[in-house]
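Engineer: Here's a sequence, model it:
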Amino acid sequence: MTRRGNGEGSIFQRASDDRWVGSITLSKPGQPRRRKSIVRERRADVVTALRELQGRVDRGVVSPGRNVTVRAYLEGWLGGLEGSDLAPRTRIRYGVLLRNHALPLVGHVPLVELQPGDVRAMLAALGKKPGRSGKPLAAQTILHCRAALRTALSDSVGDGLLGRNPAAGSSVSPPKAQSHEVEAITPEQANAIVAAVREDPLGGLFRLLLWSGLRLGEASGLRWSDVDVDPEIDDANRWIRVRQTYGVVGGSGRFDKPKTEKSRRDVPLIADGLAALREQKGRQTDAGVTAGPGSLGYGLVFTEPDGSPIDPRRVSKRLHTLLAPIGLPMFRPHDLRHAYATLLIRKGVPIPTVAKLLGHSSPIMVLKTYGHVASDSLQEAAARLNELRAVS
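Structural biologist: Numbers count the residues shown, from 1 in each chain. You can find the predicted model right below:
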């Protein structure tokens with residue numbers, strides 16, 4: 001029999017299933033003594049769990065008579081996010097991921113007993129869980145679920161409730177998300193998109209997304225004071241200033257600051273974008289929409305007919321309808337942003353510059369998303385070098 005070390009308590013291997021069982025007596029002044037048992041696959045895991053539990057009790061972090069479940073902790077953690085600096089959309093996303101996917105699988109586990117093996121089992125089960133379409137959950141969804149759980153449990157470590165984060169580390173890595181290769185559009189397709197949307201009330205919005213690379217939320221929050229459309233301004237100095245966003249979160253419209261510090265940026269306003277904005281201003285004037293900051297429309301560039309902020313949720317459906325006749329029935333507003341990026345790259349604009357225009361924090365994101373388009377540009381460059389060599 002292996003001799004126990006200090007703080008290990010009583011440990012034995014259960015004959016019925018060969019699992020290891022450890023127990024330890026927990027006590028604090030003024031509280032009754034209580035025997036706590038832990039079951040693990042390996043003896044070493046039992047030793048670690050018992051020592052962590054005893055250490056928490058010694059530090060006064062955990063009451064021996066208290067058994068907080070993962071569900072109780074996560075629900076409290078989610079409630080604590082209200083009023084924080086976290087973006088509302090992110091708070092809602094955390095709640096959906098944890099309540100729909102994590103809690104049904106690990107919510108019953110006592111928080112202090114949650115192990116990396118439990119998290120691995122959760123990830124494996126999620127890989128077999130059907131999504132809305134009936135197909136297994138996307139790897140990206142599972143990755144986000146693990147990230148949300150890791151973030152929540154990281155706070156439990158910081159609060160002294162756990163000695164380590166069981167959702168962190170390479171041993172609980174989720175499945176790798178399959179990279180999505182963005183399809184590059186041609187200048188001819190871009191012109192076809194412009195022609196298809198030009199006469200629509202939302203045509204100005206779609207054209208600006210295509211010629212500026214703005215996110216839909218950024219364009220929805222754009223004010224006339226953020227764009228240089230006045231005739232007196234020199235064309236070389238016209239800009240779009242991204243300073244706020246607008247979106248619908250939990251059924252309510254909300255203005256917010258840009259997604260990241262890099263998202264707060266100035267984007268050059270090219271001729272096609274300027275034309276779209278001036279036509280949009282004409283539409284608002286004809287409709288009697290007041291552009292002033294005290295009006296119903298808050299001085300926004302794109303509004304509903306009554307001047308209220310545009311509802312981004314109806315924009316995708318309208319774009320699908322407009323582009324179906326030209327063979328792009330599932331083209332999303334965000335694909336217009338992708339189109340802007342691929343057109344820039346094909347024109348030889350450096351990747352770091354494209355990243356700045358898109359508001360990405362790093363050029364690496366651009367390379368991951370549009371690397372195949374950059375490869376095409378490199379092939380073109382090589383062909384030109386061959387032409388030079390042939391001439392020499």
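
Engineer: What segments of the stretch 51-200 of the chain are strands?
Structural biologist: Counting by DSSP state E, counting those that start in this stretch, one finds no strands in the stretch 51-200 of the chain.

Engineer: per-residue confidence at the nearest residue to residue 150 once chain neighbours are set aside?
Structural biologist: Spatial nearest neighbour of residue 150, chain neighbours left out: residue 167 (4.1 Å); criterion: CB to CB, 6 or more residues apart in numbering. Quick note: C-beta positions are derived from backbone N, CA and C, even for glycine. In this prediction, residue 167 carries a pLDDT score of 93.

Engineer: can you check residue 16 too?
Structural biologist: Residue 16 is assigned 86 on the pLDDT scale.

Engineer: How about the one 10 residues further on?
Structural biologist: Confidence at residue 26, expressed as pLDDT, is 62.

Engineer: Tell me, how many residues neighbour residue 335?
Structural biologist: 20 (other CB atoms under 10 Å).

Engineer: do the same with residue 314
Structural biologist: Residue 314: 11 surrounding residues under other CB under 10 Å.

Engineer: did I read that right, it in a strand?
Structural biologist: No. Judged by DSSP: H, G, I helix; E, B strand; the rest coil, residue 314 forms no part of a strand; its state is helix.

Engineer: Could you report the separation of it from residue 79?
Structural biologist: Counting by CB to CB, to the nearest Å, the gap from residue 314 to residue 79 is 32 Å.

Engineer: that older thread, for the residue nearest to residue 150, list the residues it contacts.
Structural biologist: 116, 119, 146, 149-150, 153 (CB atoms under 8 Å, 6 or more residues apart in numbering).

Engineer: Tell me how many other residues surround residue 97.
Structural biologist: Residue 97: 19 neighbours (other CB under 10 Å).

Engineer: so it makes contact with residue 146?
Structural biologist: No. Between residue 97 and residue 146 there is no contact under CB atoms under 8 Å: 9.0 Å.

Engineer: Provide the partner residues of residue 11 in its beta bridges.
Structural biologist: Judged by DSSP bridges, the bridge partners of residue 11 are residue 22.

Engineer: what about it, how many residues close to it?
Structural biologist: When counting by other CB under 10 Å, one arrives at 20 neighbours for residue 11.

Engineer: and the residue lying closest to residue 168 once chain neighbours are set aside, how many neighbours does it have?
Structural biologist: Excluding its sequence neighbours, the residue lying closest to residue 168 (CB to CB, 6+ apart) is residue 150, at 5.3 Å. Number of residues near residue 150 (other CB under 10 Å) recorded here: 17.

Engineer: what residues are up against residue 150?
Structural biologist: 165, 167-168.

Engineer: any idea which of those residues is closest to residue 112?
Structural biologist: residue 165 (12.9 Å; CB to CB).

Engineer: I'd like to know how many residues surround the closest one.
Structural biologist: Count around residue 165 with other CB under 10 Å applied: 21.

Engineer: which ones are touching it?
Structural biologist: Residues in contact with residue 165 (CB under 8 Å, 6+ apart) are 150, 153-154, 156-157.

Engineer: swap in residue 305?
Structural biologist: By CB under 8 Å, 6+ apart, residue 305 lies in contact with 201, 287, 289.

Engineer: Could you tell me which of these belong to helices?
Structural biologist: Within the contacts of residue 305, residues falling in helices by DSSP state H are residue 287.

Engineer: For PyMOL, write the select line for the buried members of the contacts of residue 305.
Structural biologist: The PyMOL command for the buried members of those (criterion: 16 or more other CB atoms under 10 Å) is given here:
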select buried, resi 289
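
Engineer: Reformat the contacts of residue 305 as JSON lines; add pLDDT.
Structural biologist: Shown next, in JSON lines, are the contacts of residue 305 (pLDDT from 0 to 100):
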{"residue": "201", "pLDDT": "93"}
{"residue": "287", "pLDDT": "81"}
{"residue": "289", "pLDDT": "73"}
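
Engineer: Including distance to residue 340, could the contacts of residue 305 go into a markdown table?
Structural biologist: Output for the contacts of residue 305, formatted as a markdown table (distance: CB to CB, whole Å):
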| residue | distance to residue 340 |
| --- | --- |
| 201 | 22 |
| 287 | 28 |
| 289 | 27 |
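
Engineer: Now go through the contacts of residue 150 and say which are in helices.
Structural biologist: Short answer: the contacts of residue 150 have none in helices (DSSP H).

Engineer: and the residue nearest the centre of the chain, how far is that from residue 81?
Structural biologist: By CA atoms, centre = their mean, the chain has its centre lying nearest to residue 90, at 7.3 Å. Distance, residue 90 to residue 81, by CB to CB: 9 Å.

Engineer: now residue 122: how far from residue 43?
Structural biologist: Residue 122 is 24 Å from residue 43, by CB to CB.

Engineer: Who has more neighbours out of those two?
Structural biologist: Between residue 122 and residue 43, counting by other CB under 10 Å, residue 122 is the more crowded of the two (25 against 17).

Engineer: where in the protein is pLDDT low?
Structural biologist: Scanning the chain for pLDDT under 70 picks out the ranges 1-9, 26-34, 53, 55-66, 132-133, 159-160, 175-181, 250, 290-297, 375-392.

Engineer: show me where it has helices.
Structural biologist: Residue ranges of the helices in the chain, as given by DSSP H, are 43-58, 70-80, 88-97, 103-106, 116-128, 139-158, 187-197, 203-212, 216-220, 271-287, 315-323, 333-346, 351-358, 363-391.

Engineer: residues of the fifth one that come out buried?
Structural biologist: Think helix 116-128. Buried residues in helix 116-128 (16+ other CB under 10 Å): 116, 118-120, 122-123, 126.

Engineer: in stretch 82-91, what counts as buried?
Structural biologist: Neighbour counts over stretch 82-91 (16+ other CB under 10 Å) mark 87-89, 91 as buried.
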